[in-house]
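In: starting from these lines, generate the structure:
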Amino acid sequence: MTQTLRTSSTPTASSTASSTSISAPAAPDPYAPRGIHVPLITPFTAAGEVAADALEALAHEVLDAGATGIVALGTTGEPAALDEAERDLVTDVCARVCRERGAALTVGAGASGTRAAEESLGRLKRWPEARAALVTVPAFLRPAAAGVLAHFEHLARVSPVPLIVYHVPYRTGQPLDAPLLRAIGALPGVAGVKYAVGSLDGDAVALLGDLPDGFAVLAGDDTFLSPLLSLGAAGGVLASAHLATGRFAELAAAWRAGEADRARPLGHALARLSATLFAEPNPTVIKGVLYAQGRIPTPDVRLPLLPAGRESVAAALRELARLP
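Out: Okay, here's the model as predicted:
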């Protein structure tokens, strides 16, 4: 909005020419997540500590290759296996990279209980670089639809950053239908949903066919990225995009440009790669491949996860080499 102050109360031609225009500060645009976001693994040293230098290098590498942003403390980063100081270290590293690069930083936060989730989100005030918080649907509690909506309504009101709802019912035990997701998406302070239901279902089609204004759907199941993009998803939060990051970005750009003939074969090839990367629990195979490429110091994960088997890593490397 522009407010014009004049030197005279009478709007003459000369006074108009000499008037001083003062533009009021524009309100910040609401965050609109789009493109490919990589939920970074947490690399470990041989001594079992967080390999901060390797994490920083990975963040730069995926951004160099075309990722729009990175996610700190997504489930791929094994946050449940990190202590608070380690989680802060990971977030510090990712925040520094995003500040230097002007990239979007999303931070995994939240909890099953609303009060605990509010406390988790409140800690994000320490990182002004954070553009959004990735917050799972309440796990295990299985509240009614009205309770899920009230949970996110409260969190969106108190959060220092917009929310991206992480809808992953095979982890949370809480399926949400399209009308409920639409109601959550209409809340002020909710920017989008990471959609990871393990299939391309009718609710995805219904939701993408009638999205609330300013609400983005991001693919969260890597193998279903291409069909969701073809239906209008804004991008994806994809662990697979640690590898062939540029090809995932190319796929998103192709669907955005309506180039189905280019997007379709690339989408199939990337889906095959993603399937090999999830042959064992995430992020074990991805870490094995990154280690084989010399990008992280060890392939180690923390219990209860175990490192991926050699054949799983070899299969993923073969599929990576086959990419067109």
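In: run the chain-centre distance for stretch 250-270.
Out: 20 Å (Cα atoms, centre = their mean, to the nearest Å).
In: for the remainder of this discussion, apply numbering that starts at 86.
Out: Noted, 86 is the first residue going forward, which turns the last one into stretch 335-355.
In: quick one: buried residues of it?
Out: Applying a neighbour-count criterion of 16 or more other Cβ atoms under 10 Å, one finds Glu335, Leu336, Ala337, Ala338, Ala339, Trp340, Ala348, Arg349, Leu351, Gly352, Ala354, Leu355 buried in stretch 335-355. In short, each C-beta sits where N, CA and C put it, glycine included.
In: which of those sits closest to Pro312?
Out: Gly352 (7.5 Å; Cβ to Cβ).
In: the stretch 136-285 of the chain: helices as residue ranges?
Out: Remark: helices assigned in the stretch 136-285 of the chain by DSSP state H, counting those that start in this stretch are 137-149, 169-186, 199-207, 230-243, 254-257, 263-270.
In: and these, which one is worst for confidence?
Out: Of all the helices of the stretch 136-285 of the chain, mean pLDDT reaches its minimum on helix 254-257 (a mean of 93).
In: please save the CA atoms from it in CSV.
Out: Below are the C-alpha coordinates for helix 254-257, written out as CSV (Å, rounded to 0.1, in the frame of the first residue of the first chain):
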residue,chain,number,x,y,z
PRO,A,254,-0.7,-42.5,8.4
TYR,A,255,1.4,-45.6,8.2
ARG,A,256,3.6,-44.0,10.8
THR,A,257,1.1,-42.1,12.9
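In: helices or strands next to it in the packing?
Out: With contacts defined as 3 or more Cβ pairs under 8 Å, 6 or more residues apart in numbering; DSSP states H and E, helix 254-257 has no helix or strand neighbours.
In: sorry, back to before: export the buried residues of stretch 335-355 to a markdown table and tack on distance to Gly373 and secondary structure?
Out: Supplementary listing: the buried residues of stretch 335-355 in a markdown table, determined by distance: Cβ to Cβ, whole Å; DSSP: H, G, I helix; E, B strand; the rest coil:
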| residue | distance to Gly373 | secondary structure |
| --- | --- | --- |
| Glu335 | 25 | helix |
| Leu336 | 24 | helix |
| Ala337 | 26 | helix |
| Ala338 | 29 | helix |
| Ala339 | 29 | helix |
| Trp340 | 30 | helix |
| Ala348 | 29 | helix |
| Arg349 | 29 | helix |
| Leu351 | 24 | helix |
| Gly352 | 24 | helix |
| Ala354 | 20 | helix |
| Leu355 | 19 | helix |
